[in-house]
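Visitor: Quick one, structure for this:
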Amino acid sequence: MASIFLFLLLLLLLHQSAFSLVTAQQRYSNISLGSELSPTTNSSWLSHSGRFAFGFYPTGNGFAVGIWFAGSPETTVVWTANRDDQPFPGNVTLLLTTDGRLISRPLQGQDKPIINAPESASSASMLDSGSFVLYNSDSKIIWSSFDSPTNTLLPGQRLLAGKELFSSVSETDHSTGKFRLKMQHDGHLVQYPVNTPDTAQYAYWASGTNGRGDNVTLNLDDDGHLYLLNSTSFNIKNLTDGGYRTDETIYRMTIDADGIFRLYSHSLNRTGNWSVIWPSSNDKCDPKGLCGLNGYCALMDQEAVCNCLPGFNFIDQGQRNLGCERNFISEDCRNKKESSKYTIFPLDNTIWEDDPYSTLSSTTKEDCEEACLGDCNCEAALFKDRQCRKQKLPLRYGRRNLGDSTIAVIKVGLGSQVNSNNTTPTRSKEPKKELRLDILIISVALVACAFVVLAISGVLIYRHRAWTYRRISDQGNAGLTEDVTLRSFTYGELEKATNGFKEEVGRGAFGTVFKGALSNGQRVIAVKRIEKVLAEGEREFQTEMKVIGRTHHRNLVRLLGYCQDGPNRLLVYEYMSNGSLADFLFRPERHPSWDERVGIALNIARGILYLHEECETQIIHCDIKPQNILMDENWCAKISDFGLAKLLKPDQTRTYTGIRGTRGYVAPEWHRNLPITVKADVFSFGIMFLEIICCRKSVDVEVPEDEAVLAEWVYDCFEAGELGGHREPSEQEQYLLKTSKESKKELRMDILIISAAFIACASIVLAISGVLIYNYHVRTYKRISDQGNVGLTEDVTLRSFTYGKLEEAPVVSRRRWVEELLGQFLKGPNQMARESLLSREQRKW
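Guide: Residues are numbered from 1 along each chain as shown. Below is the predicted model:
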């Protein structure tokens, strides 16, 4: 009996071994010539471990040929052959022919190649790495799916320079989608919409590695390490740090249908699906073109939602990413009364690709709306920073960004239906009846639960009051801080206020300035992020804190707060909406008028006077130039950027320090290691004052050589009686030129002496400004005197002076001022020679 039992057991083991051997051979062995697959029976060839499969998988109303991960509940496709072809019917056969071709063979019709190998194959194999390969008769690989990726990289696979990954249409439709990831030849890994040039205008994500080497590749290792490697095998950037689990865990990188590429992991010991461990972007509205033409993307609970612009409906309500089309018929531009059939619908915080056909400057939102309404060609416009940019359809790359102050202006037909959020169509009568039924059911339920509501009402009221207090506190913090003292911000608060430091408005030597908003957008601010923290940046941060914290003047940019959070150093200023004086002064399309320039000069002079004479601690700015003069919404000039400023002690009038400032505006004493006084700022202001008068830069390489240096050119123009230069002088300038010529002898002496003592640039500014301002005041005084003399002599008895007598008095004062000024400039080396020159010129006086 025992022997029979042993015999049966041995027979069972032999049968099991034979079955296992057959199964293993099906997985281990190469795929021989003549092998075939069918969508309905034997549909795939498995890899050695059974993790990956090659063959037919269902898609749409048919089948596609590809590679998928077979170890998860859901079919995860990682590669598709001829992905944009029509699906195969169920009666087709996939065949590795006896002559070494991999083809699809229908019941009727011609064979179609699946893979175009460079030579005939002798066998094929589905590898455990996820790559399907073809071998020649020498067992060498002649074709691999790893060399032609579609939307996924697997461990051990590389994306070579010049190659791209394309997203799928959806999770179930694996044909080519709307986005691409390209490994460029310049070392830059960039994401673009499909069918766009490889330029920064269309990019929505980039690795920032351009110029870092040739033949850079994107690589994925077994431990989830995703990185860029150059031709010398040097790692130039890690996208992920790697070091993830490798035991029974597999990784893949896929550019998904929403345009974001992600790194996924999957545990082979669990039955769950893939998990995201790293995305290229956390903002799902970042991919350009996600919502198609005339649509825009908005975040709702961190998910991307596609909406139509006002006056538009979805092309396909089931596929909102296809875009939108107008729901009204536009009139012909030949109809002069066309504007009466339209209205304007504004959308706050909404932007799209900025490609205007016309731009209007210095406008208001209402002016922009009227301009678009009255322009037949205008179908929409973007309004920001007092600029109105008119545009035509179609509009693309639209999105709503709460951190952006742009207002979109849409022209809508009067007969069209517009929903406030453009996410659902206008409700009809039938839904209203359903809504009333819902309200009735809810009311009955509330009555039945009244006792429970009363029991918890105390807790709800308490929470409501606490929330209300926090909201009021948050809204009032900014205004209270402005009136009391500097506010200390956390880095997180400023990152939120600037929407992740997205909108850059300026850049300096020590940091970058971003636009933001406090108190739910009620207060617009400028946030300066100090970037060189370990040395110069820390010194700049401390200097600006000390200097601006001691000042308060209408012609100085206001510091609202600061952030000193770990290594982060940030300063919060009031926002200057009209940019810098350089932008306003040197723009080619329009120069500021004489009155505007006089007002700007006076504003700057008041600010400098406050720093030098009226502030509790005397301050030398050390970097006065047009780029550091900002203009607020009322075009009032304000001095900014105190990072190089120097504070003087109460008993100090001068100091020794290393050279500071910008070339062209630096006073000569900096270069001669002489003591620095407030006159260093006066020198810089003189150079800038000359720029304000002439509306051009102190050094301009784009003009003829004899006009390149502003100071020399102005002197030549003045000598020739052409104060206005290349443009027609205004009435005020013509008068000043005339009166300046009357004092030309004294002016030439001023220029001669000062240029001999100092440099020509400063002398011209001082001499011209002194004579011009003097004569301007004389003319003004004479006009007022002529108008008021009669009434004055009737009421009082005073001595009568002639105008000539009064004109002589300021000349004496002006000469004494020049003598004192020259006395200070002429100190230093070769003093005896300079004093001799001064005496000789004074005798000429």
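
Visitor: you'd agree Ser167 is up against Ile255?
Guide: Yes. Checked against Cβ atoms under 8 Å, the pair Ser167 and Ile255 is within contact range at 4.7 Å. To be clear about C-beta, it is placed using only N, CA and C from the backbone, and glycine gets the same treatment.

Visitor: Mind listing the shared neighbours of these two?
Guide: Residues touching both Ser167 and Ile255 (Cβ atoms under 8 Å, 6 or more residues apart in numbering) are Asn151, Phe179, Arg180.

Visitor: looking at these, which has the most residues close by?
Guide: Looking at these with neighbours defined as other Cβ atoms under 10 Å, the largest count falls to Phe179 at 27 neighbours.

Visitor: Counting by contacts, list what the helix or strand that residue falls within packs against.
Guide: Using DSSP states H and E, Phe179 sits in strand 176-183. Under the contact criterion of 3 or more Cβ pairs under 8 Å, 6 or more residues apart in numbering; DSSP states H and E, the helices and strands touching strand 176-183 comprise strand 164-168, strand 189-193, strand 249-255.

Visitor: Provide the strand pairings for that strand, with the direction of each partner.
Guide: For strand 176-183, the pairing partners within the sheet under DSSP bridges are strand 164-168 (antiparallel), strand 189-193 (antiparallel).

Visitor: so which of those strands is the most packed in?
Guide: For these, the stretch with the most neighbours on average is strand 189-193, a mean of 23; neighbours defined as mean count of other Cβ atoms under 10 Å.

Visitor: chain center to the strand holding Phe179: distance?
Guide: Going by Cα atoms, centre = their mean, to the nearest Å, the spacing between the C-alpha centre of strand 176-183 and its chain's C-alpha centre is 22 Å.

Visitor: can you list contacts of it?
Guide: Defining contact as Cβ under 8 Å, 6+ apart, one finds that strand 176-183 is touched by 83-84, 151, 159-170, 189-194, 198, 216-218, 255, 257, 259, 261, 287, 289-290, 321.

Visitor: Hmm, Ala121 is touching Tyr135, no?
Guide: Yes. Ala121 sits in contact with Tyr135 when judged by Cβ under 8 Å, with a separation of 6.3 Å.

Visitor: Now for those two: what residues contact both?
Guide: For the pair Ala121 and Tyr135, residues contacting each of them under the criterion Cβ under 8 Å, 6+ apart are Ile142.

Visitor: Which residue of these two possesses the greater neighbour count?
Guide: When Ala121 and Tyr135 are compared for neighbours, Ala121 comes out ahead with 23 against 18, by other Cβ under 10 Å.

Visitor: Next, the contact list for that one, please.
Guide: Counted by Cβ under 8 Å, 6+ apart, Ala121 has contacts Leu33, Leu96, Gly100, Arg101, Leu102, Leu134, Tyr135, Asn136, Ile142, Trp143.

Visitor: The first one contacts Thr97, doesn't it?
Guide: Which is Leu33. Yes. The pair Leu33 and Thr97 passes the contact test of Cβ under 8 Å, sitting 6.9 Å apart.

Visitor: State the distance from the nearest residue in space to Ile676 that is not next to it in sequence to Lys515.
Guide: Among residues not flanking Ile676 along the chain, Thr655 sits closest, at 5.5 Å (Cβ to Cβ, 6 or more residues apart in numbering). Thr655 sits 36 Å away from Lys515, going by Cβ to Cβ, to the nearest Å.

Visitor: Neighbour count: those two, which is higher?
Guide: Set side by side, Thr655 and Lys515 show more neighbours around Lys515, with 23 against 13, by other Cβ under 10 Å.

Visitor: I figured the more buried one hits Ala526, correct?
Guide: Yes. Here Lys515 lies in contact with Ala526, judged by Cβ under 8 Å, at a distance of 6.4 Å.

Visitor: Could you look up the SS state of Trp635?
Guide: In the three-state summary, Trp635 is assigned as coil, counting by DSSP: H, G, I helix; E, B strand; the rest coil.

Visitor: quick revisit: between the strands paired with strand 176-183, which one is nearest to Ile604?
Guide: The closest approach between Ile604 and any of those, judged by Cβ to Cβ, belongs to strand 189-193 at 43.8 Å.

Visitor: Alpha carbons of that closest one, as CSV, please.
Guide: Below are the C-alpha coordinates for strand 189-193, written out as CSV (Å, rounded to 0.1, in the frame of the first residue of the first chain):
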residue,chain,number,x,y,z
LEU,A,189,14.8,69.6,-21.4
VAL,A,190,11.6,71.6,-22.3
GLN,A,191,7.9,71.0,-22.5
TYR,A,192,5.8,72.5,-25.4
PRO,A,193,2.4,72.2,-26.9
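
Visitor: Run the chain-centre distance for the helix or strand following it.
Guide: Heading C-terminal from strand 189-193, the first helix or strand you meet, by DSSP H and E, is strand 205-206. Per Cα atoms, centre = their mean, the displacement of strand 205-206 from the mean C-alpha position of its chain is 12 Å.

Visitor: tell me the average confidence for the helix or strand that strand 205-206 is followed by?
Guide: Proceeding C-terminally, strand 205-206 gives way to strand 217-220 as the next helix or strand, assigned by DSSP H and E. For strand 217-220, mean pLDDT rounds to 96.

Visitor: got it, and stretch 278-290?
Guide: Computed over stretch 278-290, the mean pLDDT rounds to 93.

Visitor: Now do the end-to-end distance for that stretch.
Guide: End-to-end span of stretch 278-290 (Cα to Cα, to the nearest Å): 21 Å.

Visitor: What residues of that stretch count as buried?
Guide: Of all the residues in stretch 278-290, those buried under the rule 16 or more other Cβ atoms under 10 Å are Trp278, Ser280, Ser281, Asp283, Lys284, Cys285, Asp286, Pro287, Lys288, Gly289, Leu290.

Visitor: Once you drop chain neighbours, what's closest to Tyr296?
Guide: Residue nearest to Tyr296 in three dimensions, not counting chain neighbours: Gly398, with 3.2 Å by Cβ to Cβ, 6+ apart.

Visitor: Hmm, that neighbour is touching Cys297, no?
Guide: Yes. Gly398 is in contact with Cys297 according to Cβ under 8 Å; the separation is 6.9 Å.

Visitor: Between these two, point out the one with more neighbours.
Guide: When Gly398 is set against Cys297 and neighbours are counted by other Cβ under 10 Å, the residue ahead is Gly398, at 30 against 25.

Visitor: list the contacts for that one?
Guide: Gly398 makes contact with Cys291, Asn294, Gly295, Tyr296, Cys297, Leu309, Thr350, Ile351, Trp352, according to Cβ under 8 Å, 6+ apart.

Visitor: Equivalent analysis for Ala257, please.
Guide: With contact set as Cβ under 8 Å, 6+ apart, Ala257 has these partners: Ser167, Ser168, Val169, Ser170, Glu171, Gly177, Lys178.

Visitor: where does it land in three-state SS?
Guide: With three-state DSSP as the basis, Ala257 sits in coil.

Visitor: quick one: pLDDT of it?
Guide: The confidence metric pLDDT takes the value 95 at Ala257.

Visitor: Likewise for Val812?
Guide: The model reports Val812 with a pLDDT of 41.

Visitor: just Tyr735 next, same as before
Guide: 49.
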